[in-house]
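Visitor: I would like the atomic coordinates for the input below:
(2 chains)
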Amino acid sequence: MMVKEKELLGLCSYIISTGLKAGATAVEALAQSQNELETDIELSEISSVNQKIGTEIAIRLYIGKRMGSAFTNIPTKDSVRDAVGLAISAAKVTTEDADWISLPQPQAYTTIEGLWDDGIAKTNPSEVVDLTGKLISKAATSEPGLVLIRGGSGTSSHTSAYTNSNGVSCSERGTTSYLVEAAMAQTESGATPLVVEYDVRRDLSLDMEGMVKRVADWVRICKTKVNGRSGKHTVIFHPQAYAPLFGYTLIPSIRGDNVARGKSKIADKIGDTISSELLTLVDNGIIPGGAATSKADDEGVPRQKTSIIEKGILRSFLWDTYWANKMGVKSTGNARRNMRQGLVDISPTTLVIDSGAREIEEAITEIDHGYYILNVQGAHSSNPESGDFSIVGNPAFLIENGKIIGAVDGLMVSGNIYEVLNNIVEIAKKPIKLFSWIGPEFVAKNIDITAKE
Amino acid sequence: MLDILEHAIDKGRNLGATYIEIRGESGFVEYIQMEDSRVAALTQRLERGVAIRALADGAWGFVTTGNLELLDKGVSDAVAMAKAAARSRKEPIKLAEVRAYEDVIKNKPKRDPRHVPIEEKIEYMNQMTKTIRDYDPRVTAVTIKVRTSSGTKYLVTSEGAKIQSPTLLVWTLPWASGKDGIRLSAARYEDATTDEGWEFFERIASPEVIGTAVAKRLKQQLDGVAAKSGVFPCVCGPRVIGTLAHEALGHLAEADITMNSSFAGKLGQVVASEGVSMTDNGIDMGRVGVSKYDDEGVPASRVEIIKDSVLTELLTNREYAAKINHRTTGNARAESYLFPPIIRMRSTIFELGEHSREEVFEGIKFGYYCTDFRGGQAQTNASFQVGIQEAYEIVNGELGRPVTDLSISGIATDSLYKIEAVSKEPFPYDVGRCGKGQEAFVSSGGPDIRFGAGGITFGGKS
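Guide: Numbering: from 1, shown residues only, chains lettered A, B, ... in the order given. Okay, here's the model as predicted:
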């Protein structure tokens, strides 16, 4: 059902020649075809099997320095010709962008193993249903009172192709599979927060046992409700908590477009220490098994590994072609295209935090009074420019005398992300893999906690 | 399109499904993003596709495709997938009985966004950029997003529903950044209509009105003082109380969430202070999020979630109405043909109370007046968080200095009892986009509402 790489490349090449004939001076096309199969769980039963089949084609072209873009979901020559027409009309009436220099130039790609799995590509609905059925029965016996609210499993295979009028031409294919479990339990005073865990792979080696156990362990702790205490405390951040928090504060500030536009507080800090020397952060677009790992970004630029923070020192920002050209640097292969909206912006791939020496359990034993934040509410309401945030840790656990003793409702965590970076006192040993982050928990001191009275 | 969909339903009748629903969509969609007067994206597209949902043997199968040639195959795949899913179910999914409507709904935008010249749209964004930059010399960057769409959606079901309705959206979101010394900050604003055409940007959301709204908030961020952390009495203005209605309470009243949330089993019980009423109003035509029928073809209705402090009704779709023996409220909405319909809010508000504005603020020695939000999020344990981008100190009942970014939180089931006064003054609505796996445009609002100390916790620096 999926359109093959060769056919997508053919359509992309047709778009380039049609665009140039119609008067464009530079043209690029990105085509993606996908076949997704998923099952949904609602209230501990399989509610639905869903299939999404489709092709998306995004076109961006320039007439001189005027840009226009278009989208179509119909992979035929007629349809893409019409779309080129829309992009040309848009480019004719829009304003000139004096800063635009060029689309990407051809570069060599490295071979990345493990992006495609035949097993995933051949999955049928019954197999996905069976996998989800297994998840439901395992979850049911994992912890008394645990209710599996949502979740399921799914597989996805896709092909994509990119070409432009500078001679860049590349195509690739990939597969992913996933399992998700979102569960909670009723308590005497109401309900526990929802605990969510998942596993994403490029093949079918999903770790269901591990996921179900993690959820059960968290839900068990959530059942014991305890009170927190306001003040400055030591806080452990799980990747599920710091991924969204960094995602709405630190990460916007390392995006090249924000650096160039004066929207990043650390724009002039390359080479400076911006965090505790314990922190090393890399954007790794070619990490084996990464959900975002691919041959090329959405502009056909090879993916790469980019050091962002090395032992506390800011090393690099992330770039796409437009902003790299404008600022006289090289694209780091981080272009992301919103296919339907036509916007190309800068996005990280897999962000990796280097591991420390000790297991988190050892660090916990040394905390007299502190908090373990598993997930957060409201990270998206942070101020990306100032780095200020004020969020609710939920689920959040109280640590007393070296032990996690229960969950705290309504625990607010506030501060500035750059202060948090400087207050990191330990990074745990065991990396935890999320969709776009791989990293262990970290421990930070002097974090402002406001507990509900 | 209706005929094609009907034909596909007919062909699917003998496949053994108890219910088949096909939603079709075709229309014009446009996205423009301007960054510091540069057009960063300008995409027009003609979007067309279908969503097929089949209920067979008590489970759902769902197929979405942009290729109408695959319609018949999509129907048989959806039925086959439903049957595969059904093998594992103990309790079959049933749908509440509803009348099948046939209707053609028309709208009359004065200026259909698809026919407004691109030059005019760019000029609108240029004017807004100028308004923001002229407002304060400390403005460093301006991003403006404009989304418009205009098209038709179709619903045909095996029960005989046949509804054609318009889709319309005119939306803008400016984001302004500023710098004062080493202090960087930013503010956002958002407005939209799903009822008018481009004239909305001329009549109401002009570049000057929207540009000033965001620039004013940025100025306050740069000039404001930091919020204290802790528990204070506070008054939430219409834009914040609306977000609270949506995040803190509305989500808990969505039947698919209620069954296990802190509202579980509380129907008919007092859940709030005296005089508190909250509604999801599906018949306030013209409001963002409101339409005559939902995406299952059920007529929209007004849902009194909390009436005089009692949890009275929940928001349902046909599946949950049958499951919990509740009436259908017409709250099944899908972002587009790429998604199945799920239970969503429409226009969610706190109803007017009996207090004058003076009474609402009276006697607060120190507290906060929260007037605009940056975003919010709810959790099943009734914990809510709302990021606040515009707030003022209240000192001895009077408004004081503006405050920089802060956020408020609470446990909804506790906070509702801490409401001390509800204003009787009419209020403006605000527009938002709610994410529950898919996007829905919603509106919300409410009068100034005062919470006593302990109802709301303020996150800040201690």
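Visitor: tell me the average confidence for stretch B:168-179?
Guide: Averaging pLDDT along stretch B:168-179 gives 97.
Visitor: can I get that stretch as CSV, trimmed to CA atoms?
Guide: What follows is stretch B:168-179, C-alpha atoms only, in CSV (Å, rounded to 0.1, in the frame of the first residue of the first chain):
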residue,chain,number,x,y,z
LEU,B,168,-14.4,27.6,8.5
LEU,B,169,-11.4,28.9,10.5
VAL,B,170,-9.8,32.3,10.7
TRP,B,171,-7.1,32.2,13.3
THR,B,172,-4.1,34.3,14.4
LEU,B,173,-1.4,33.9,17.1
PRO,B,174,1.3,36.6,17.6
TRP,B,175,4.4,35.9,19.8
ALA,B,176,6.4,38.9,20.8
SER,B,177,9.9,38.8,22.4
GLY,B,178,11.6,41.7,24.2
LYS,B,179,14.8,42.5,26.0
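Visitor: is that stretch positioned near chain A?
Guide: Yes - with C-beta under 8 Å from any C-beta of the partner chain as the criterion, chain A is reached by stretch B:168-179 at B:S177, B:K179. In this view, the C-beta of every residue, glycine as well, is placed from N, C-alpha and C.
Visitor: let me know the secondary structure of the closest residue to B:F263 other than its chain neighbours.
Guide: Once flanking residues are discounted, B:F263 sits nearest to B:L252: 4.5 Å by C-beta to C-beta, 6 or more residues apart in numbering or on different chains. Here B:L252 is helix, with the state taken from DSSP: H, G, I helix; E, B strand; the rest coil.
Visitor: the one 5 residues further on now?
Guide: Reducing the assignment to helix, strand or coil with three-state DSSP, the entry for B:I257 is helix.
Visitor: the closest residue to chain A within the stretch 301-450 of chain B bridge partners, please.
Guide: Residue nearest to chain A within the stretch 301-450 of chain B: B:G387 (2.1 Å; C-beta to the nearest C-beta). Applying DSSP bridges to B:G387 gives these bridge partners: B:G375, B:S407.
Visitor: that one: how many residues sit nearby?
Guide: Neighbourhood size, B:G387 [other C-beta atoms under 10 Å in any protein chain shown]: 28.
Visitor: you'd agree it is up against A:D388?
Guide: No - look at B:G387 against A:D388 with C-beta atoms under 8 Å: they stay out of range, at 10.0 Å.
Visitor: list residues touching both of those two?
Guide: Residues touching both B:G387 and A:D388 (C-beta atoms under 8 Å, 6 or more residues apart in numbering or on different chains) are A:S382, B:D405.
Visitor: so which residues on the stretch 201-350 of chain A come close to chain B?
Guide: Within the stretch 201-350 of chain A, the positions near chain B by C-beta under 8 Å from any C-beta are A:230-232, A:257, A:261-263, A:265, A:338, A:340-344.
Visitor: so which of these wins on neighbours?
Guide: A:G342 leads those on contacts (other C-beta under 10 Å) with 27 neighbours.
Visitor: that residue contacts A:E56, correct?
Guide: No - applying C-beta under 8 Å, one finds A:G342 not in contact with A:E56, separated by 11.3 Å.
Visitor: quick check: neighbours shared by the two?
Guide: With C-beta under 8 Å, 6+ apart as the test, A:G342 and A:E56 both reach A:F71.
Visitor: check the nearest residue to A:S347 once chain neighbours are set aside and give its pLDDT.
Guide: Among residues not flanking A:S347 along the chain, A:R336 sits closest, at 3.7 Å (C-beta to C-beta, 6+ apart). According to the prediction, A:R336 has pLDDT 97.
Visitor: by contact count, what packs against the strand or helix carrying A:R336?
Guide: Element membership for A:R336 (DSSP states H and E) is strand A:335-337. For strand A:335-337, the elements it packs on are strand A:344-346, judged by 3 or more C-beta pairs under 8 Å, 6 or more residues apart in numbering or on different chains; DSSP states H and E.
Visitor: can you list the domain ranges for the chain.
Guide: No chain in the question, so chain A it is. A:5-218, A:225-453 (automatic domain parsing).
Visitor: hm, I was asking about chain B
Guide: Per the record, chain B has its domains at B:2-223, B:230-459, by automatic domain parsing.
Visitor: from the chain's centre, how far out does the first one sit?
Guide: Remark: domain B:2-223 is offset 12 Å from the chain centroid, using C-alpha atoms, centre = their mean, to the nearest Å.
Visitor: whichever strand or helix holds B:V360 packs against which elements?
Guide: Element membership for B:V360 (DSSP H and E) is helix B:357-361. Packed against helix B:357-361 by the contact rule (3+ C-beta pairs under 8 Å, 6+ apart) you find strand B:419-422, strand B:449-451.
Visitor: ok, B:L184 to B:K145 distance?
Guide: For B:L184, the distance to B:K145 equals 21 Å [C-beta to C-beta, to the nearest Å].
Visitor: please say which of those two ends up with more neighbours.
Guide: The residue with more neighbours, out of B:L184 and B:K145, is B:L184; 25 against 20, by other C-beta under 10 Å.
Visitor: who's in contact with the more buried one?
Guide: By C-beta under 8 Å, 6+ apart, B:L184 lies in contact with A:K263, A:K265, A:E385, A:S386, B:T140, B:S177, B:G178.
Visitor: what is the end-to-end distance of stretch A:282-293?
Guide: Start and end residues of stretch A:282-293 are separated by 14 Å (C-alpha to C-alpha, to the nearest Å).
Visitor: so what strands line up beside the strand holding A:R336?
Guide: According to DSSP bridges, strand A:335-337 forms sheet pairs with strand A:344-346 (antiparallel).
Visitor: average pLDDT across the strand it pairs with?
Guide: 96.
Visitor: which residues touch whichever helix or strand comes after it?
Guide: As assigned by DSSP H and E, the chain's next helix or strand after strand A:344-346 is strand A:351-353. Outside of strand A:351-353, the residues within contact range by C-beta under 8 Å, 6+ apart are A:239, A:243, A:246, A:251, A:279-284, A:287, A:308, A:427, A:431, A:436-440, A:442.
Visitor: how far out from the middle of the chain is strand A:351-353?
Guide: Chain-centre distance of strand A:351-353: 11 Å, with C-alpha atoms, centre = their mean.
Visitor: nearest residue to the closest residue to chain B within chain A other than its sequence neighbours?
Guide: Using C-beta to the nearest C-beta, the single residue of chain A nearest to chain B is A:S381, 2.1 Å away. Nearest-residue entry for A:S381: B:G387, 2.1 Å, with adjacent residues in sequence omitted and distances by C-beta to C-beta, 6+ apart.
Visitor: all set, thanks.
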